[in-house]
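K.L.:
Next comes the sequence, and after it the predicted model I'd like to discuss.
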Amino acid sequence: MTRPGAIAVVALVSAVLGASLALALGKAVGWVDDDEQRVQTVLVPAPDSGTPAAEEVEGDAAKPLVGNGFDAAELYRKRAEGVVTIYALFDDGDVSAAQGSGFVVSDDGYILTNSHVITTAGETGTGGDVAAADTVYVQFRDGERIPAEVVGWDVFDDVGVLKVDPADHPVSPVPLGDSSVVVVGEPVAAIGSPFGQESSLSVGVVSATERSINSITSGFNLVDAIQTDAPINRGNSGGPMFNASGEVIGVNAQIRSESGTAEGVGFAIPINAARRSMEQLIQTGEVRYAWLGVTTQSVTPRIAERFGLAATSGAAVQSVAGGSPADRAGLQGGAGEEEFEGLTFCPGGDVIVAVDEQPVASAEDVVRAVNQQRLPGDDVRLTVLRGAERLELTVTLGDRPANPPNLAC
């Protein structure tokens, strides 16, 4: 989602992905009159101790569809009731409205979407303070619209969580799948509200997995995004990407476009990452990410040969943030920049080849090992090559800062 003034026509255009029907939409749906009514921003508190445990969230979700074939009509018939349209109202001087998509994940009314649909994330760039929408409504397939509570959001993985009262409207949870087993070429379906057209279906295939893409809500990259050729447009943000079994494998989040509309390259947050964020938000109201404090470059055989590295794969440490966990553990970065085959490389630093004895083949492997499998305060053992010497370094991970420090060789 973005609202007016924040839509970048080139590069990663959020399919507004979320939103950006803006003030005109606010007037059209009857929320804003010409006097531009003002509403006071309400800070959303963390859930109290009565919030259900995370493992309960999906307990009553629908089961996967039977059969191995891809039947888009059957998938839509079974799953469309669980997909909702989200309308978020902001009062930032000029009252504006944003529209996106979401999906119900539990019988008690939890809904997953993108953080940029229900907050100012993406509007404030990657460094400003983020605030929740003043008012959020959820509209179901039958046209009924009810208020929703903002439970919390995660700008690093662009995940937002809402909650509605099932007493206000019946809910139809959809089942969550396993994004780690997604393969290129498998069929997928997206259901959402592109351009405000509720309950729209588009189909395609997984075009790529494990994409590292720029984030529209954070200065850190999104790792392991799922790429698809299924048409994703503005208003699809936060909607589900289904596999052939009718399980959600991703949360539609971005398109790469030069026109601002679908051009065959859309991206979804993997559901495993979104589930992790959701569970922490429901339990504590916030999401914590572990932080090492380095920048790295993937090692290839040609890079290893050119710079005399002792390994043909791994993550070459380019720079180390002062005072970071990596700095305290003695990890060393490179010195000076050299160009090689279109890449800027800082030679002379350590090469990480394993994290807790798990092999590291690329820079992204370090991110996965730290951010997806560990928490702040955890100790990890890094196996590094310093020249020809093999070292074992123990690092106590810290909390990821709101924005990455500016690091150079």
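P.N.:
Perfect, I can see it now. Residues are numbered from 1 along each chain as shown.
K.L.:
contacts, neighbours, all on C-alpha from now
P.N.:
OK.
K.L.:
what's the helix or strand for Ile249?
P.N.:
strand 248-256 (DSSP states H and E).
K.L.:
Would you pull up how far that strand lies from the middle of the chain?
P.N.:
Relative to its chain's centre, strand 248-256 lies at 8 Å (C-alpha atoms, centre = their mean, to the nearest Å).
K.L.:
just the CA coordinates of it, formatted as PDB?
P.N.:
What follows is strand 248-256, C-alpha atoms only, in PDB (Å, rounded to 0.1, in the frame of the first residue of the first chain):
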ATOM      1  CA  VAL A 248      -1.300 -19.900   1.900                       C
ATOM      2  CA  ILE A 249       2.400 -19.900   1.000                       C
ATOM      3  CA  GLY A 250       3.000 -16.200   0.800                       C
ATOM      4  CA  VAL A 251       1.600 -12.700   1.500                       C
ATOM      5  CA  ASN A 252       1.500 -10.600  -1.600                       C
ATOM      6  CA  ALA A 253       3.600  -7.500  -1.000                       C
ATOM      7  CA  GLN A 254       5.300  -5.900  -4.000                       C
ATOM      8  CA  ILE A 255       5.600  -5.600  -7.800                       C
ATOM      9  CA  ARG A 256       8.600  -4.600  -9.800                       C
END
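K.L.:
Please state the mean pLDDT value computed over it.
P.N.:
Strand 248-256 shows a mean pLDDT of 92.
K.L.:
Can you give the distance of the helix or strand that it is followed by from its chain's centre?
P.N.:
Counting by DSSP H and E, the next helix or strand C-terminal to strand 248-256 is strand 266-270. Mean-position distance between strand 266-270 and its chain equals 8 Å (C-alpha atoms, centre = their mean).
K.L.:
other SSEs contacting strand 266-270?
P.N.:
Applying 3 or more C-alpha pairs under 8 Å, 6 or more residues apart in numbering; DSSP states H and E, one finds that strand 266-270 contacts strand 222-228, strand 248-256.
K.L.:
Off-centre distance for whatever helix or strand comes next after the first one?
P.N.:
Secondary structure here is assigned by DSSP H and E; on that basis, the next helix or strand after strand 222-228 toward the C-terminus is strand 240-242. Offset of strand 240-242 from its chain centre (C-alpha atoms, centre = their mean): 14 Å.
K.L.:
now what about strand 240-242, what contacts it?
P.N.:
83, 102-103, 188-192, 248-252, 268 (C-alpha atoms under 8 Å, 6 or more residues apart in numbering).
K.L.:
try it again with 6 Å
P.N.:
188-190, 248-251 (C-alpha atoms under 6 Å, 6 or more residues apart in numbering).
K.L.:
now the residue lying closest to Pro401 once chain neighbours are set aside: how far from Val367?
P.N.:
Leaving aside its sequence neighbours, Pro401 sits nearest to Trp291 (C-alpha to C-alpha, 6 or more residues apart in numbering; 7.9 Å). As for Trp291, its distance to Val367 is 9 Å (criterion: C-alpha to C-alpha, to the nearest Å).
K.L.:
can you check Pro401 too?
P.N.:
Pro401 sits 15 Å away from Val367 when distances are taken as C-alpha to C-alpha.
K.L.:
Between Trp291 and Val367, point out the one with more neighbours.
P.N.:
Ranked by neighbour count (other C-alpha atoms under 10 Å), Trp291 and Val367 place Trp291 first, with 23 against 19.
K.L.:
correct me, but that one touches Gly398?
P.N.:
Yes. Using C-alpha atoms under 6 Å, Trp291 makes contact with Gly398 at a distance of 5.0 Å.
K.L.:
burial count for Pro404?
P.N.:
By the measure other C-alpha under 10 Å, the count of residues near Pro404 is 17.
K.L.:
where exactly do the helices run in the stretch 101-250 of the chain?
P.N.:
Counting by DSSP state H, counting those that start in this stretch, one finds helices in the stretch 101-250 of the chain at the ranges 115-118.
K.L.:
Can I get stretch 77-92 in PDB, CA atoms only?
P.N.:
Once non-C-alpha atoms are left out, stretch 77-92 reads as follows in PDB (Å, rounded to 0.1, in the frame of the first residue of the first chain):
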ATOM      1  CA  ARG A  77     -14.900 -21.400  -4.100                       C
ATOM      2  CA  LYS A  78     -13.300 -22.800  -1.000                       C
ATOM      3  CA  ARG A  79     -11.100 -19.900  -0.100                       C
ATOM      4  CA  ALA A  80     -12.600 -16.600  -1.200                       C
ATOM      5  CA  GLU A  81     -14.700 -16.300   1.900                       C
ATOM      6  CA  GLY A  82     -11.500 -16.100   4.000                       C
ATOM      7  CA  VAL A  83     -10.000 -13.200   2.000                       C
ATOM      8  CA  VAL A  84     -11.000  -9.600   3.100                       C
ATOM      9  CA  THR A  85     -10.600  -6.100   1.800                       C
ATOM     10  CA  ILE A  86      -9.000  -3.700   4.200                       C
ATOM     11  CA  TYR A  87      -9.700   0.100   4.400                       C
ATOM     12  CA  ALA A  88      -7.400   2.200   6.600                       C
ATOM     13  CA  LEU A  89      -8.100   5.800   7.400                       C
ATOM     14  CA  PHE A  90      -5.200   8.100   8.300                       C
ATOM     15  CA  ASP A  91      -5.300  11.700   9.700                       C
ATOM     16  CA  ASP A  92      -1.900  13.100   8.900                       C
END
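K.L.:
Please list the outside residues in contact with it.
P.N.:
Contacts of stretch 77-92 (C-alpha under 6 Å, 6+ apart): 96-104, 118, 133-141, 172-174.
K.L.:
Please repeat the previous calculation with a cut-off of 7 Å.
P.N.:
Contacts with stretch 77-92, where a contact means C-alpha atoms under 7 Å, 6 or more residues apart in numbering, come from 38-39, 96-104, 118, 133-141, 171-174, 191-193, 198-199.
K.L.:
So which bits of stretch 179-186 are buried?
P.N.:
Neighbour counts over stretch 179-186 (16 or more other C-alpha atoms under 10 Å) mark 179, 182 as buried.
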